[in-house]
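Chemist: all I have is the shape, not the residue letters:
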């Protein structure tokens, strides 16, 4: 349930309410076929990871109810397939116009 693959490619990573702590690793970017990243209800801290930037197929990013902070990056608007984003209940201070 936590990882969904199709044809050997990770499509969905669901770690909801899983007690994940620390910052998101940049190695997330190696999951190039990832379409859904669901991280709600953990203890993830720090800014939104640069590791998300290469995920050009990402459609859903849900990381609400964590401890992330800072400014949302401009590159978030470059993820053209991203249709749903939920980063509520974090401590982000600004949203760039491209998002």
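Modeler: Cool, the structure landed. Predicted model, so just to flag it, every value in this text is computed and none were measured. Numbering: from 1, shown residues only.

Chemist: the strands in this protein, which residues?
Modeler: Secondary structure of the chain by DSSP state E: the strands cover 3-6, 9-14, 21-22, 36-38, 43-46, 60-62, 67-71, 84-86, 91-94.

Chemist: looking at those strands, which one has the lowest mean pLDDT?
Modeler: For the strands of the chain, mean pLDDT drops lowest on strand 91-94, to a mean of 90.

Chemist: just give me the neighbour total for residue 44.
Modeler: By other C-beta atoms under 10 Å, the residues close to residue 44 number 21. In this view, the C-beta of every residue, glycine as well, is placed from N, C-alpha and C.

Chemist: excluding sequence neighbours, find me the nearest residue to it.
Modeler: Nearest residue to residue 44, sequence neighbours excluded (C-beta to C-beta, 6 or more residues apart in numbering): residue 66, at 4.2 Å.
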